[in-house]
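**Student:** Quick one, structure for this:
(4 chains)
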2 protein chains.
Amino acid sequence: MNAFDTREKVTLADVALQAGVSVMTVSRVVNDRPGVGASTRERVRGAISALGYRPNIVARGLKAHRSCTIGLLVPDVTNPYFPEIVRGAEDVAIAHGFTLLLTNVIEDVEREAAALEAFEDRRVDGVIACSPRLSAERLDVLLARHHAAVIVNRRSAPDVAGSVRIDHEQGMRQLIRHLVATGCRRLGVIAGPSHSYAGRERMLGLDRETREHGLDLPDRHVVAEAPTVEGGERATRTLLTRNPSLDALVCFNDLVAAGALLTLAEAGIAVPTDIAVVGYDDIPFARMFTPPLTTIRASTYALGQHAMTMLLERMEGRGRGVDIVLQPELVVRASTRACTDAA
Amino acid sequence: MNAFDTREKVTLADVALQAGVSVMTVSRVVNDRPGVGASTRERVRGAISALGYRPNIVARGLKAHRSCTIGLLVPDVTNPYFPEIVRGAEDVAIAHGFTLLLTNVIEDVEREAAALEAFEDRRVDGVIACSPRLSAERLDVLLARHHAAVIVNRRSAPDVAGSVRIDHEQGMRQLIRHLVATGCRRLGVIAGPSHSYAGRERMLGLDRETREHGLDLPDRHVVAEAPTVEGGERATRTLLTRNPSLDALVCFNDLVAAGALLTLAEAGIAVPTDIAVVGYDDIPFARMFTPPLTTIRASTYALGQHAMTMLLERMEGRGRGVDIVLQPELVVRASTRACTDAA
DNA sequence: TTGAAAGCGCTAACAG
DNA sequence: CTGTTAGCGCTTTCAA
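**Tutor:** Numbers count the residues shown, from 1 in each chain, chains lettered A, B, ... in the order given. Just a heads-up that it's a prediction; the model follows:
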C-alpha cells in the first residue's frame, strides 16, 4: 500500500470534516439538492474530489429500502441463446441506473432455487428468471417473495410475475410444416429437459401439427436429453440405432442440432439428402454449421429488453399481469431439403 | 397482494417480538452462535420459519464492511470465449458464498471505466477484469480503489492487481510455425482492437516468429478490426482486395475467423486449398465451422477458476503479486493444410 | 442556509 | 444464557 492507495473508503463524515461542514450539507451537495450556499457547495465539492469520495450505494439503499440491483437468473451463459437476452436486459437496466446480479444455474433446479433465495437475501429490487426449470408451485413461492419478477420463456400467475415469451407452439408448427412441405414423413425428435416449459410448448405444437398432417409419431421416435451439443450427440446415436429409417430430426435447440450434425457427419449420413435436421433458437452460429441450420428465430435481444422494461414497470407497481408473446420466424437453410411442390 | 404475499420484509426485530426475546438472541440463532439455551433456540427457530425471515445481507455487510459480492467485468458475453470464464469464476465464487455482479462493457472503454466505478459504489469485495481495454494508467487508478483485483489476459502492477493470462506470444508462434510447416508463406493478418493487450502480445509473437522464418509481413497485409464475425467479414474483403495472392489468414480470434470463412465461401475461395485460415481461442463452435477451424486452445474455464481463486486469496491479503501464465495448445483442424515435410 | 437527531437491519462488545 | 448500547454510512425530519 503506498501513498496513492485509495482503498480505505472515504465517508461522508470524512468529507464533512475536511470541508468544515456537517454531513447533511455534504449529502445535499452529493445529491444535488437545494439548500446549500454557492460558496459552501464549492468548498464541499473541493473536499469530495480531494478525498476521492464516492457515495456508498449499499448504505443509501439500506435506508431507502432499495438496492438498485436486479437479479438475473440464467440456465447457462455458455449456451449462446442466453447472452443475447442478458445484453438486452442489461442495456435497459444500466440506462435506468441498475446493476445486474447474474447467476448461472447450469440447468440445475436446486441451484435455481438457491439463486432466487440468494437474490432475496441481497434485497434485489426485482428478478428476471430465464427459462426456469423449477415446478410452477416452487417457482411461484420463491418469486412471490420478491418485490417484482418477470419470467422469460414461460407463463406465470400475473400477480406473481410478468412474462415475456416466444410463441413456441407456432414456432414448432412452422418447422413441421416446412419439413412436411419438403417431403419428410418419418420424424425423430430430440426433446429437451422434461421440466422445460418451452420444451412442452414445442411438443404441443409438434403433436398438433403432425396430427393435422396425419403423421405418425411413435414414442420410440422421441428421446429426451440435456440441451447441449453432447446431449444432441448422445440422442442422435440412440435415435438412429432404434430407428434407422428416419428422414428428419427435430432438435430441441440449435446446440442439440449441432450435436446431431456432428454425429451424422461421423456416421457418414448426408444432411439433408438422407436426413433433414432442424434446430430452434437461431443462435449466431447456426448459419455457420455444416450444413447451415434451418431453425426458428426470435429476437432474444428484444426478449431481454422487454423483460427488463416490464420488470421496471412492475417495480413501480404499474403494468401488472402483462404477458408479452413474441412471434418467431422460420429461417430456412441448407440442413433441410429444398421445397418441393408436393405439399 | 394476498395473504400469502411475503414481499414485506421481515426483520430481526419482528422475529424477536414474535419469539419474545431480544434481537441479539435472534441474531445468535441465525448465525448459529453459542450462548442461547436449547429451548429459546427452538422458539426462535419457530418464529423464523413462521415469519419466513431471511437475513438482510446488505445490512450485515454495512456493519462488516463487506458485501459478499464480486464484480466481474467482461468485454462481451456474446463472444463465446467469455461465458466459460464466467462459469469458472462463478463456480468458485458461489462455493465461497459470493455472488457475481456481472457487467458487459461491449468493448467500450468508457463503459469499462463506468463499470469499475459502479462496482466501487456498491462496495464489492473484489473485482475481476477480463481483457480490459483501458490504458494501463487509467486501469491502475481505477483498480487501486478496490480492495482486491485480478486482471485476466493482461499483466498489471502486482500491488494493484494479480493477473491470470495465457501466453499469447507462444500461442501465436505455434500458429505461425504450423502455417509455415504446411507451406504458407504470404500471411494476411486480421488484428484485433488496438488497445487489446492480448492482441499486442499476439502481434509480438507473430513478428518474432515470422522474422525467424524469414517471412515478409508488409503493412498492407495487416488490418485491424472489431473482434466480431462482422469485423472478420469486413477485414477479409479489405485484405483480399489489397492482396489477392495471400495463402493464409491469421485471425485475431475465432469469431473473426468465422467471418473470414463466411466471406471466403461467398467469394468461392477454397479453404485451405487456396488460402488457409487460423483463429484463436478455440470457442466451442470452432470445431463445427466449415471447414473446422485450426486454432489455439487454452482452458478458459480454468482461467476463470484461477482468477477467482487468486482474487479470494488477495481479498484475504495473501498471494500478492502472483501472475499465473497458462500455456495454450495448438488445435489442428481442416482449415489449414495437412502437414508437408517441407518444413 | 445549515445542522442535530433518529433510524434503516444488523452485529461486536460489553453488561447483567 | 440473555440483553443493552453503540455504530456501520447514509438520508429523512425537524429545529435553529
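**Student:** Would you map the strands across the stretch 201-343 of chain A?
**Tutor:** Ranges of strands in the stretch 201-343 of chain A, per DSSP state E, counting those that start in this stretch, are A:222-224, A:248-251, A:276-278, A:295-297, A:323-326, A:329-331.
**Student:** Who are the packing partners of the first one?
**Tutor:** Read it as strand A:222-224. strand A:187-191, helix A:229-242 (3 or more CB pairs under 8 Å, 6 or more residues apart in numbering or on different chains; DSSP states H and E). (C-beta placed from N, C-alpha, C; glycine too.)
**Student:** Which one of those lies nearest to residue A:179?
**Tutor:** Among those, strand A:187-191 comes nearest to residue A:179, with 6.8 Å by CB to CB.
**Student:** relative orientation of the closest one and helix A:229-242 in degrees?
**Tutor:** Taking axes from the mean of the first three to the mean of the last three CA atoms, to 10 degrees, one finds strand A:187-191 and helix A:229-242 inclined to each other by 150 degrees.
**Student:** before we move on, the earlier item: for the strands of the stretch 201-343 of chain A, which one ends up most surrounded?
**Tutor:** For those, the largest average neighbour count (mean count of other CB atoms under 10 Å in any protein chain shown) is found in strand A:248-251, namely a mean of 30.
**Student:** quick one: that one near chain B?
**Tutor:** No - counting by CB under 8 Å from any CB of the partner chain, chain B has no neighbours in strand A:248-251; the shortest distance is 14.0 Å.
**Student:** picking that back up, identify, out of the helices and strands packed on strand A:222-224, the most deeply packed stretch.
**Tutor:** Greatest average neighbour count among the helices and strands packed on strand A:222-224 goes to strand A:187-191 (a mean of 24), per mean count of other CB under 10 Å.
**Student:** average pLDDT for that strand?
**Tutor:** For strand A:187-191, the mean per-residue pLDDT is 97.
**Student:** which element is residue A:177 on?
**Tutor:** Assessed by DSSP states H and E, residue A:177 sits inside helix A:168-181.
**Student:** how about the residues of the stretch 1-150 of chain A near DNA strand C?
**Tutor:** A:21-25, A:28, A:34-37, A:39-41, A:59, A:62-63, A:65 (CB under 7 Å from any atom of the strand).
**Student:** Run the chain-centre distance for stretch A:63-72.
**Tutor:** 20 Å (CA atoms, centre = their mean, to the nearest Å).
**Student:** Next, the buried residues of that stretch.
**Tutor:** A:66, A:67, A:68, A:69, A:70, A:71, A:72 (16 or more other CB atoms under 10 Å in any protein chain shown).
**Student:** and what of stretch A:94-106?
**Tutor:** Result for stretch A:94-106 [16+ other CB under 10 Å]: buried residues A:94, A:98, A:99, A:100, A:101, A:102, A:103, A:104, A:105.
**Student:** Does that stretch reach chain B?
**Tutor:** Yes - with CB under 8 Å from any CB as the criterion, chain B is reached by stretch A:94-106 at A:94, A:99, A:100, A:101, A:102, A:103, A:104, A:106.
**Student:** Which of these fall in helices?
**Tutor:** Counting by DSSP state H, the residues of stretch A:94-106 next to chain B place residue A:94 in helices.
**Student:** could you dump the residues of stretch A:94-106 next to chain B to CSV with pLDDT and distance to residue B:143?
**Tutor:** Below are these laid out as CSV (pLDDT from 0 to 100; distance: CB to CB, whole Å):
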residue, pLDDT, distance to residue B:143
A:94, 94, 21
A:99, 94, 18
A:100, 94, 21
A:101, 95, 21
A:102, 94, 21
A:103, 95, 25
A:104, 92, 25
A:106, 85, 30
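**Student:** of all the residues of stretch A:94-106 next to chain B, which comes closest to DNA strand C?
**Tutor:** Each of the residues of stretch A:94-106 next to chain B was checked against DNA strand C using CB to the nearest atom of the strand; the closest is residue A:101, at 18.2 Å.
**Student:** Quick one: the strands in the stretch 1-150 of chain A, in order.
**Tutor:** Ranges of strands within the stretch 1-150 of chain A are A:69-74, A:99-104, A:126-130, A:149-152, based on DSSP E, counting those that start in this stretch.
**Student:** Looking at the helices and strands packed on strand A:222-224, spot the one closest to DNA strand D.
**Tutor:** Closest to DNA strand D of the helices and strands packed on strand A:222-224 is helix A:229-242 (CB to the nearest atom of the strand; 47.6 Å).
**Student:** Does chain B have contacts with the closest one?
**Tutor:** Yes - with CB under 8 Å from any CB as the criterion, chain B is reached by helix A:229-242 at residue A:229.
**Student:** re earlier: widest-spaced pair of the buried residues of stretch A:94-106?
**Tutor:** Largest separation among the buried residues of stretch A:94-106 by CB to CB: A:94 and A:105, giving 22.9 Å.
**Student:** Just confirm residue A:106 contacts residue A:76, I think it does.
**Tutor:** Yes - if you go by CB atoms under 8 Å, residue A:106 and residue A:76 touch, sitting 5.6 Å apart.
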